[in-house]
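>>> have a look at this fold, sequence not included:
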């Protein structure tokens, strides 16, 4: 269930979001992505204190709700397409990492089973979901016949087309706003 929370996607694609969605330079996006992971480790120390005092179940449920709320906030902040929205989107990623580590960390009991289940869940997600990179780069035409021969391959690439259309629509809405912002900047500078 840990992998189904979206932690893998948030962790892996945070620099991509920072760069493409929030307009950061590649260097700044990677640096902030590194800070995101450092924060993840630092936030885990809180779990050591709270897990036995608050209880595993309460933390699990409350942080699952917290993650859902934070991801909703992330979507709204990214959709705002503003400087403040960009800052809030970054804050939401850090909050998501915090909620995940506070509520979904593994206890000593059963950690071997949890690690195996984590690996299997991660492997299944990687195997049954298509390469998300192609959606962001608009290169879904690189899909080969072998990729879509099986029923799961056809289902995967059908979803990629839907996601790619959503990305195109979002970019289409942002472009006029960006051009308007550039015109305003030119007017103000002259």
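Thanks, I have the structure now. Quick caveat, the model's predicted, so the values are computed rather than measured.

>>> from now on I want contacts and neighbour counts done on CA atoms only, so please keep to that.
Will do.

>>> surely residue 63 and residue 96 touch.
No: applying C-alpha atoms under 8 Å, one finds residue 63 not in contact with residue 96, separated by 9.0 Å.

>>> distance of residue 126 from residue 12?
12 Å (C-alpha to C-alpha, to the nearest Å).

>>> what about residue 63 and residue 96, which has more around it?
residue 96 (27 against 21; other C-alpha atoms under 10 Å).

>>> excluding its backbone neighbours, what's nearest the more buried one?
Distance criterion C-alpha to C-alpha, 6 or more residues apart in numbering; nearest residue to residue 96, sequence neighbours excluded, is residue 67 at 5.4 Å.

>>> surely the one you found meets residue 100?
Yes: counting by C-alpha under 8 Å, residue 100 is a contact partner of residue 67 at 6.9 Å.

>>> rewinding a little: residues in contact with the residue nearest to residue 96?
When contacts are counted by C-alpha atoms under 8 Å, 6 or more residues apart in numbering, residue 67 touches 5, 95, 96, 99, 100.

>>> and it, what element?
helix 56-80 (DSSP states H and E).

>>> and that helix, which residues are buried?
Residues of helix 56-80 classed as buried by neighbour count (16 or more other C-alpha atoms under 10 Å): 56, 59-60, 63-64, 66-67, 70-71, 73-74, 77-79.

>>> dump the residues you listed to a markdown table, plus pLDDT.
Output for the buried residues of helix 56-80, formatted as a markdown table (pLDDT from 0 to 100):
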| residue | pLDDT |
| --- | --- |
| 56 | 84 |
| 59 | 90 |
| 60 | 88 |
| 63 | 92 |
| 64 | 91 |
| 66 | 95 |
| 67 | 92 |
| 70 | 94 |
| 71 | 90 |
| 73 | 94 |
| 74 | 88 |
| 77 | 89 |
| 78 | 83 |
| 79 | 87 |
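
>>> can I get those in JSON lines including distance to residue 33?
Below are those laid out as JSON lines (distance: C-alpha to C-alpha, whole Å):
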{"residue": "56", "distance to residue 33": "28"}
{"residue": "59", "distance to residue 33": "26"}
{"residue": "60", "distance to residue 33": "25"}
{"residue": "63", "distance to residue 33": "22"}
{"residue": "64", "distance to residue 33": "22"}
{"residue": "66", "distance to residue 33": "21"}
{"residue": "67", "distance to residue 33": "19"}
{"residue": "70", "distance to residue 33": "18"}
{"residue": "71", "distance to residue 33": "17"}
{"residue": "73", "distance to residue 33": "19"}
{"residue": "74", "distance to residue 33": "16"}
{"residue": "77", "distance to residue 33": "18"}
{"residue": "78", "distance to residue 33": "17"}
{"residue": "79", "distance to residue 33": "20"}
